[in-house]
Each structure stands twice: as structure tokens, then as C-alpha cells.
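Visitor: using only what follows, build the 3D model:
(2 chains)
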Protein chains: 2
Amino acid sequence: MCLAAVVEPGHPAVAEAVAEYGAAQVWASLTRPGSELPLGLRARTVKPGELRERTRAERLRFVIPGDAEWPAPLSDLAGCEPVNQLSGEPLGLWLAGGGDLAELAAQSVAVVGSRASTPYGDTVAAELAAELSESGRSIFSGGAYGIDAAAHRGCLAGRTPTVAVMAGGLDQPYPTGHRPLFDRIAERGVVVSELAPGEHPTRVRFLARNRLIAALTPGTVLVEAAARSGARNTVTWANVLGRIVMAVPGPVTSATSVTPHLLIRESEAILVARASDVLELLSPLGRANPRPPSERRPTDELSADELRVFEAVPGRGSLGAGDLALKAGVALPTCLALLDQLADQGFLVQNVLGQWQLPPRGGQCVR
Amino acid sequence: MCLAAVVEPGHPAVAEAVAEYGAAQVWASLTRPGSELPLGLRARTVKPGELRERTRAERLRFVIPGDAEWPAPLSDLAGCEPVNQLSGEPLGLWLAGGGDLAELAAQSVAVVGSRASTPYGDTVAAELAAELSESGRSIFSGGAYGIDAAAHRGCLAGRTPTVAVMAGGLDQPYPTGHRPLFDRIAERGVVVSELAPGEHPTRVRFLARNRLIAALTPGTVLVEAAARSGARNTVTWANVLGRIVMAVPGPVTSATSVTPHLLIRESEAILVARASDVLELLSPLGRANPRPPSERRPTDELSADELRVFEAVPGRGSLGAGDLALKAGVALPTCLALLDQLADQGFLVQNVLGQWQLPPRGGQCVR
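Guide: Next up is the predicted model:
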């Protein structure tokens, strides 16, 4: 816990040293008088008793790799390709809230995006999160204004807990305006940080936090992001970690859809337009039903000749085979054969006068 | 011309017979007394003199494969996989207008979509067409209400002629409300049909017409299409013919963006958000510049330590190296080295007091 409190998140050298010597040994060498602090350790000391007391006072728990609540997917960060020279599994995490992080992560999806979102993006993020929640997925996000907040709120309106991963100490809610939201999240979900109480978010810490959102979840959905959005970074992490990267399109006239469109175009993300698209991609069985049923139309199966005859039948009323043959431009014997085929398939019916017409509504009427 | 006047477009048996025996021989066998009309030939006769006279009176010209104005890409239709059991190169085409079809087709792109378009789709189609036109591409479309009309009009407002491919005879403008639009198109562009004067569009003829739009152009852009739109059929043809298939995304809340999103998701179409995306895909040189310059941000190249130090420099005013080392949490010697590196890259400058600050505006300022 003390080591985690003095180490900047995502520092590769520290993660390597801990992997080789263990956290206790690294901490001992750091606290030996005269020891030089390696690059990336904050030039300040930590008092173990005070830190433990503060963690307890804030009703936080501290979990480390191997603990029951430690999410196994985080180990993918060990040895993965660095982004912005950040990498490594966290040494530990401070947690607040009534949920179990490992359990929630196992059935999760990240929904992230721009702080400067549009009403369209907020609506889509909230509805997507709510539907994914109703399907049993917990929404992980960064607790920021805009898309993150819409995603958390959508999940709060659903049936699963939501998880916010922060870039500063959990006693320092950021943005402060979201303090009530974080309280609500903590009721059944978890608020997570790699940083000790008292620490403030910095630009680098946001980048390190993004790697946790990507690593904790099997897939990340980007809802809105302008050309130079920080949310882009979470997607980079998700790709590096081999997670499923998804993006929601929007109007091409909207600046906040530039990054989703670019990612889809460059095949760095898969287009998702609704919750079922996301669930299909996350399903270990893959894509069982590649197209919604509404895509199929019965006449797609008809030949050009069948279509021609079918087309000749009026929308209202009926016609005899001779008239239909003329109208469709096919010979009468052919027309009779085609009419029988169409009737067999339920496209047409013959009335009491022997004339042909569309079946009554409720039948396989396609026009 | 007579054979083309009695044959339904896209009839594979006729195209095969013409390929084997030549059009004159097929016509002779059809007009021999007692000859049975093969399936798909209309059960009516045509008087050669009358047809020629009508073509002339309507100021149409009739072109056949081998003519100078015959677009070479149409030959891709010979022997290609059938769609809805339609296939085959047209026997001939009736043309109206001052443009040269072969020349325009060589520098073209198809822009198609829903008749029941939204204001968003109309705007995007018109702007896309206008920009593509300014870049020298002629817009080919189907002359329908909605996206087709917006695309034609966008091109009319540009510098290239536009081409409308119809599903009925050119003396029977459809929709009739577009008669003025077709007149305008014909001034410098071409109005095209595979059907003889006097013929009306039918559902099958729309499908056959779609194959011409796809075949005449090196790429097709789908702007808006609901789940069961006819524009989907043009895209199927473009894929069968190995043309570049592109689709413009839109709000996921819009029913008319369902098909573009589905095509992009299923990798049947490439997402295009603007004219430059289309031009890049159509360019024979391929994608020279995979990302717009705005996507790159200078700090993407910085290491985490460099970022940390850069981040510590205030937006206004300046700080000494000692303060920056403390703020960034790095040792002073390291901080000095990093500051030098950042200055070398133009991210920071040292003022006359030896303190560090952001460069003046106009320099490489990235915050």
C-alpha cells in the first residue's frame, strides 16, 4: 500500500522491479536511508500508519493481486506493449462501494467518450448503458462529465451496478460536481483508484486510469469523441490489450463523431448501433445471428420472372392469368406455372372467379 | 435497337444468346413467323421504323457496345454473378443530353439512397456531391426523390455534369415531378435508360437499373437507407462487380441510417464521412495519407516523464527547474535533462530569468 502510494501509476520500471523482487523488497530498498529514489517515484515520504488510517477513515479498502476481489483481467497489463510509455499491472487499488470489483468486471463493458458531448451522444450513451445493464452487463467508465456520466446514469437506471475508475484519490472526487453521482455509484457498485487518498488527478494519471478501464473490461464502446479527445486513449489501450473495441457512429456533421468514424473507417473499432450489437460481439459464442430478422424480405427469394408476375398483380382487386401474362410480359403457360409457384409460397391467392390477387392482410403480404 | 426494345433488361438467357449468335441473328429468329418467344421477351411486336423515328423525335441517341460513347466498365456485367436472377451487359442504351457517357463514367462516383430521406441525409448527399464535383467527379444516381435528387443537385451546383440512370423510357420521366431536374441534368450531363421510349418503370426494371448505376461507376456511396430500402440493391450490385462500396453513417436513432450502419458493421461498405474519404478510396494510388493532419498531436510522441514535466509548466507564467521537479515528481537532474529535451522539440522555452514557460502563441503550443 505504501509503495502504491509513492509510485506514479503505470511506471514500467517499478512494475518490473516488483515483479522481480516483490513489493516488500522494493519498499525496503526505497526506505533505506540514502537510497536514491528511482525516476517516477514521487519525492515525498509516506507514513504507513497514517496511510492505513486514512484509507480506513475514508471507508476504503485496498486490494492487491491475489486478493479475491482482484480482477484477473488486470494481469494482461503485465508485459503488454506500453502506451505513452505507461504500462504494468497496478500494485494495488483503493476501492469504495458495496460491489465486488472482480465479479462486476467479469460481466462488464466500458462505455466512454467525450466530456464535451452532445445531447445525441448523451442520449445514446444512457440508452445503450441502460439496455446493456438490463442484459446483465455492468458499465465501467471514468466518472467524467458528458458521456461517462450518461453511461453511469444509464446503468444506475438498469439492473446492474456501475463502476467508476478515477484518476485521483477517492477522497478527492473529480469532478467535484459528481460527488452525488459517485455516492450513488458506490451504493451497489464500486469507485476505483490506483491512487492513494489525498492525490489529485493529473494528465498522466488520466492516461494511466484509461488503461485500467480498458483492462478491466472485455470490450470498450466509444460513444462520442472529437478529433483530439482523451477517450481515444482508452481505445488505444483496449486495442493493445486485445479487447473488443466498438464505436457508435453519429452525424458526419458532428465534430464529436469524428473519432468514432475514423476508428471504424480504419478498422480500429467495430460499428455498434444498439445494445444487441455490443452483446453479440461480447458473446463468447460470437455472432449467432448476423442480421436482424427485419432485414429479410420474402420477395428477396423470388426469381426475376416470379417478381415480374407478382408485380403485375394489382394492390387491390384481381386479374386473370391472361391479363397478368400480358402485363408481366411472359407467355401464358409460363405465367400459369409462375402463378402456381407464387401461390404455393403464399404470395398470391386465387379467388372464386379464378382470378389472382394478393392474400388478405395478416398473410404473407409484402407490399 | 429493336431487340433491346422487346427484351426485359438484365435477362440472362437473352444476353447469352446475343453473346453467342449476335443481336441480328437473335432478332431474325424472333421475328421469323411461328417462332416462340423465349421467356422474358415481351409479348408484343416492335416496328423498326417507328422505334427509330420515336428515338429521333425525342432527341435521343441509341448506343451499343463498341460505340465510342459506350462505357467500357459495363462489360463487367457480362458473366458476373446474377442478383435477383438479373445479369448481363445491356444490349444498348438510350441517351439524352449534351454529355459523353463514356467520358463521364470514367471520372464518376455513384451517390444513392432512400427516397424517404431525412433533411440530414439530403444535406450530406448534396454537400458530398458538390465537393466530389469540385474535385472533378461526375455524380451518377437514379433521379428519384430524396437522396438521388440531392446528389444530382449537389453536382449541378459543382463543376462536373451529372448522370441520371432511369428505369423507364426517357420520354416517360419518373418521377414526373422531376421533369425540370432531368432537363437540367441533360444540359451538360446525360439521362440514360436501357428501356425504349414509351416503356414505364416496373419493380424489376428498377432492380435492373440499379445494376447499371453500380457498373457505370468505380464506386457507390450509400447515404441513407432504411432496413428494407431499394438502395441496398445497388450496393449488392457494386459488391458483386468488385466496385468500391461506401456508406455514410448517421445518428443511430435514425431509421434511415440502419442500412448504412449494417453494411459498415458487416464490412460490406467502408465508412465515409466526407468527400476526401471518397476520393482517397477511389484514387488509384490508394490511401496516401491515412489520417488527416488534425489527428496528430505533438505530445503523442512524448514519454510519460516528458509529459509529466511538460504538464507541470503553468499555462501562464513560468517556473524554475526546482519547482518543476517537485511538481512533476522527478529528481532535479532528470528534470533538467527532460526540460532540455522538451525545449529542443519546441514544447517549452526558457525565459531571460532562466525559468521555463510555454512558447508564445504561433509556436508549437499544444494546450
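Visitor: how about the residues of the stretch 51-200 of chain A near chain B?
Guide: When proximity is defined as Cβ under 8 Å from any Cβ of the partner chain, the stretch 51-200 of chain A approaches chain B at A:84-86, A:120, A:123-124. Bear in mind the C-beta positions are built from the backbone N, C-alpha and C, glycine included.
Visitor: if we use 10 Å, what do you get?
Guide: The stretch 51-200 of chain A has residues A:82-87, A:120-121, A:123-124, A:127-128 near chain B, with proximity defined as Cβ under 10 Å from any Cβ of the partner chain.
Visitor: may I see the ChimeraX selection of the buried members of these?
Guide: Of those, the buried ones go into a single ChimeraX selection, burial set by 16 or more other Cβ atoms under 10 Å in any protein chain shown:
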select /A:83,84,85,86,87,120,121,123,124,127,128
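Visitor: can you flag which of the residues of the stretch 51-200 of chain A next to chain B belong to helices?
Guide: If you go by DSSP state H, those have A:120-121, A:123-124, A:127-128 in helices.
Visitor: need the pLDDT of the nearest residue to A:Gly198 once chain neighbours are set aside.
Guide: Among residues not flanking A:Gly198 along the chain, A:Gly169 sits closest, at 5.1 Å (Cβ to Cβ, 6 or more residues apart in numbering or on different chains). If you check A:Gly169, the pLDDT there is 97.
Visitor: which residues does A:Gly169 contact?
Guide: Counting by Cβ atoms under 10 Å, 6 or more residues apart in numbering or on different chains, A:Gly169 touches A:5, A:54-55, A:58, A:60, A:94, A:193-201.
Visitor: now A:Ala5
Guide: Going by Cβ under 10 Å, 6+ apart, A:Ala5 touches A:42, A:44-48, A:50-51, A:54-55, A:62, A:91-92, A:94, A:169, A:195-199.
Visitor: what about the residue nearest to it when sequence neighbours are not counted, which SS state?
Guide: Leaving aside its sequence neighbours, A:Ala5 sits nearest to A:Ala196 (Cβ to Cβ, 6+ apart; 3.8 Å). Of the three states, A:Ala196 takes coil according to DSSP: H, G, I helix; E, B strand; the rest coil.
Visitor: where does the closest residue to A:Ala144 other than its chain neighbours fall, phi/psi-wise?
Guide: Distance criterion Cβ to Cβ, 6+ apart; nearest residue to A:Ala144, sequence neighbours excluded, is A:Arg115 at 5.1 Å. In terms of degrees, to the nearest 10, the main-chain angles of A:Arg115 are phi -70, psi -40.
Visitor: got a PyMOL select line for the buried ones in the contacts of A:Gly169?
Guide: To isolate the buried members of the contacts of A:Gly169 in PyMOL, using 16+ other Cβ under 10 Å:
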select buried, chain A and resi 5+54+55+60+94+193+194+195+196+197+198+199+201
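Visitor: out of the residues of the stretch 51-200 of chain A next to chain B, which comes closest to B:Pro180?
Guide: Here the nearest of those to B:Pro180, counting by Cβ to Cβ, is A:Tyr120; it sits at 35.9 Å.
Visitor: OK, contacts around the closest one?
Guide: A:223-224, A:248, A:250-251, A:254, A:256-257, B:251-253.
Visitor: show me the contacts for A:Ala275.
Guide: Per Cβ under 10 Å, 6+ apart, neighbours of A:Ala275: A:109, A:127-135, A:137, A:221.
Visitor: related to what we said a few turns ago, of the contacts of A:Ala5, which belong to helices?
Guide: Per DSSP H, the contacts of A:Ala5 map to helices at A:48, A:50-51, A:54-55.
Visitor: now stretch A:172-191, how far from the centre of its chain.
Guide: Chain-centre distance of stretch A:172-191: 20 Å, with Cα atoms, centre = their mean, to the nearest Å.
Visitor: again, but for stretch A:49-66
Guide: Relative to its chain's centre, stretch A:49-66 lies at 30 Å (Cα atoms, centre = their mean).
Visitor: what are the buried residues along it?
Guide: Buried, per 16+ other Cβ under 10 Å, within stretch A:49-66: A:51, A:54-55, A:60-63, A:65.
Visitor: format those residues as JSON lines; extra columns: pLDDT.
Guide: Converted to JSON lines, the buried residues of stretch A:49-66 look like this (pLDDT from 0 to 100):
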{"residue": "A:Leu51", "pLDDT": "94"}
{"residue": "A:Arg54", "pLDDT": "95"}
{"residue": "A:Thr55", "pLDDT": "96"}
{"residue": "A:Leu60", "pLDDT": "98"}
{"residue": "A:Arg61", "pLDDT": "97"}
{"residue": "A:Phe62", "pLDDT": "98"}
{"residue": "A:Val63", "pLDDT": "98"}
{"residue": "A:Pro65", "pLDDT": "95"}
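Visitor: just name the closest of those residues to B:Gly329, please.
Guide: Nearest to B:Gly329 among those, with distances taken as Cβ to Cβ, is A:Leu51, at 17.1 Å.
Visitor: any idea which element the residue nearest to that closest one when sequence neighbours are not counted lies in?
Guide: The spatial neighbour of A:Leu51 that comes closest, neighbours along the chain excluded (Cβ to Cβ, 6+ apart), is A:Ala5 at 5.6 Å. Take DSSP states H and E as the rule and A:Ala5 turns out to sit in helix A:2-6.
Visitor: helices or strands up against the very next helix or strand once past that helix?
Guide: Using DSSP H and E, the next helix or strand after helix A:2-6 towards the C-terminus is helix A:12-21. Helix A:12-21 is packed against helix A:2-6, helix A:23-31, with contacts defined by 3 or more Cβ pairs under 10 Å, 6 or more residues apart in numbering or on different chains; DSSP states H and E.
Visitor: residue of the stretch 151-300 of chain A closest to chain B, please.
Guide: A:Pro249 (3.4 Å; Cβ to the nearest Cβ).
Visitor: go ahead and confirm that residue touches A:Ser257.
Guide: Yes - taking Cβ atoms under 10 Å as the definition, A:Pro249 is a contact partner of A:Ser257 at 6.4 Å.
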